[in-house]
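**Student:** Here's my sequence, what's the structure:
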Amino acid sequence: MTDAPLMTPADVTAHFTRSNGNFTFARWGRPIVPVVFGVEEQTLEVVKGAVEAVVVLADHKMAETDPELGANLMVFFFRDWDELLEVPKLDELIPDLIATVARLKGAGASQYRAFRFDDQNAIQACFTFVCMTDAMAAQPAEAIALTQAVQAMLLWSDEIFATQSPLALLPDGQTILRPEIAALVKAAYDPMLPVAADDASHALRMFARLPNS
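**Tutor:** Below you'll find the model as predicted:
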């Protein structure tokens, strides 16, 4: 962490500025309770391990159950977007599910996240969908799991990871979060910061908490 490359305030701002130009930041306001669908037991442990690693990095908490939803981080793996239309009661969790599936299929998307927020605008739940296309299936399970875990941890810009992965590959082949992304996650969960913000000045407060900033 101490060797994290420097980010400028503009860099931090960009990570939470959406394609419509709005700055929107949110982090989890409650312990995270993950559940994973569509994978074998071995992969299940990889995904939950990745979530736990990012939660520990943020100094946040996990729990056995969520009082409202039971599980609040639901991760679905599947081969075809149409499979989501067959999941019982999923349309109650994802508004306009049929239209959303059609849009994602048309865009050739491989992943999608839907967030739910509480009355403080903190993340209350995250529904993560990973379509195992040929390109996605070619990636190591550890890389997929860590990518999904970090993207569920904050309400990132919808564009920021479109061209550059949040991961880095070490010389020994180990996959890790890019140091600057890890540092940003840690800064975002500073207890002195609010759980949500829609003013870009919040990026300056995060920047001040980055190593060597």
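**Student:** And the strands in this structure, which stretches?
**Tutor:** Counting by DSSP state E, the chain has these strands, from start to end: 25-26, 34-37, 73-78, 111-117, 123-131, 167-169, 175-177, 196-197.
**Student:** With distance to residue 84, mean pLDDT and mean neighbour count added, can I get these in CSV?
**Tutor:** Bear in mind the C-beta positions are built from the backbone N, C-alpha and C, glycine included. Formatted as CSV, those follow (distance: least, Cβ to Cβ, whole Å; pLDDT from 0 to 100; neighbours: other Cβ atoms under 10 Å):
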stretch, distance to residue 84, mean pLDDT, mean neighbour count
strand 25-26, 24, 98, 25
strand 34-37, 10, 95, 18
strand 73-78, 7, 96, 22
strand 111-117, 9, 96, 16
strand 123-131, 7, 97, 22
strand 167-169, 26, 91, 15
strand 175-177, 27, 92, 18
strand 196-197, 28, 98, 18
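**Student:** closest to residue 186 out of those?
**Tutor:** strand 175-177 (10.2 Å; Cβ to Cβ).
**Student:** Okay, now the sheet partners of that closest one, with direction.
**Tutor:** Sheet pairing for strand 175-177, assigned by DSSP bridges, gives strand 167-169 (antiparallel).
**Student:** Now residue 91: closest residue in space, sequence neighbours ignored.
**Tutor:** With Cβ to Cβ, 6 or more residues apart in numbering as the measure, residue 97 is the residue that lies nearest to residue 91, at 4.3 Å, once sequence neighbours are left out.
**Student:** cool, residue 43 as well?
**Tutor:** In this structure, residue 43 finds its nearest non-sequential neighbour in residue 141, 5.2 Å apart by Cβ to Cβ, 6+ apart.
**Student:** again with residue 166
**Tutor:** Leaving aside its chain neighbours, residue 166 sits nearest to residue 181 (4.7 Å; criterion: Cβ to Cβ, 6+ apart).
**Student:** Please identify the buried residues of the lengthiest helix in the chain?
**Tutor:** As assigned by DSSP state H, the longest helix anywhere in the chain is helix 41-58. Residues of helix 41-58 classed as buried by neighbour count (16 or more other Cβ atoms under 10 Å): 43, 44, 46, 47, 48, 50, 51, 53, 54, 55, 57, 58.
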